[in-house]
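Peer 1: Below are the sequence and a predicted model for it; my questions follow.
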Amino acid sequence: VSGGEDDIQQLQKALLDYLDENTETDASLVFSRKFYIAQWFRDTTMETEKAIKSQKDEDSSEGTHHAKDVETTGQIMHRAENRKTFLRSIIKTAPSQFSTLKMNSDTVDYEDACLIVRYLASMRPFAQSFDIYLTQ
C-alpha cells in the first residue's frame with residue numbers, strides 16, 4: 001500500500017466489510033465497526049482543523065496572504081469532505097445493504113484484518129510520534 005487516500009479508504013472499507021461479515025459470530029464487532037467509523041470521522045475533522053490552523057499561523061507570521069495558501073486550504077477541505085462523504089455513505093448504509101457493496105471482503109480473513117488494523121493504527125499521530133516519546 002502506498003498510503004494514498006484511495007488506498008486507505010479501500011483498507012478501511014475492507015476492514016469494515018470483515019467486521020460486518022463476522023457480526024453474527026461476535027456481537028462486539030458491531031460496536032467495533034461503529035467505533036472505527038466514528039474515530040476515522042473524528043480524525044478527519046481534527047486533521048483538517050490542525051492543517052487550517054497551521055496555515056493561518058503561517059499567513060499571520062508572514063503578514064501577506066498568498067493565492068497558493070488558498071489553494072492548499074481548498075485542497076485540504078476538499079480531501080476532508082471526500083473522506084467524510086465516504087464515511088457518511090458507510091454510516092447510512094444498512095448492514096444488509098453494506099454486504100452487497102463489498103469490494104474485496106472475500107479476500108479478507110482474520111490475519112488480513114489484523115494486518116489492516118495494525119497498518120491503519122500506524123498512521124495515527126500517536127503511533128507516528130511514539131519514537132519521540134521513547135527518546136524523551
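Peer 2: Happy to help now that I have it.

Peer 1: Sort out which residues of stretch 113-131 are buried, please.
Peer 2: Residues of stretch 113-131 classed as buried by neighbour count (16 or more other Cβ atoms under 10 Å): 113, 116, 120. Glycine gets a C-beta too; all of them are placed from N, C-alpha and C.

Peer 1: pLDDT on it, on average?
Peer 2: Averaging pLDDT along stretch 113-131 gives 78.

Peer 1: Can you get me the centre-to-centre distance for that stretch and its chain?
Peer 2: How far stretch 113-131 lies from its chain's middle: 11 Å, per Cα atoms, centre = their mean, to the nearest Å.

Peer 1: Next, the distance between the ends of it.
Peer 2: 25 Å (Cα to Cα, to the nearest Å).

Peer 1: Okay, helices next: where are they in this structure?
Peer 2: Secondary structure of the chain (DSSP state H): helices at 5-21, 28-62, 67-92, 95-98, 110-122, 125-128, 130-135.

Peer 1: Which pLDDT value goes with Ser99?
Peer 2: On pLDDT, Ser99 comes in at 49.

Peer 1: hmm, back to that, mind putting the buried residues of stretch 113-131 into a markdown table with distance to Lys50?
Peer 2: Converted to a markdown table, these look like this (distance: Cβ to Cβ, whole Å):
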| residue | distance to Lys50 |
| --- | --- |
| Ala113 | 29 |
| Ile116 | 25 |
| Leu120 | 19 |
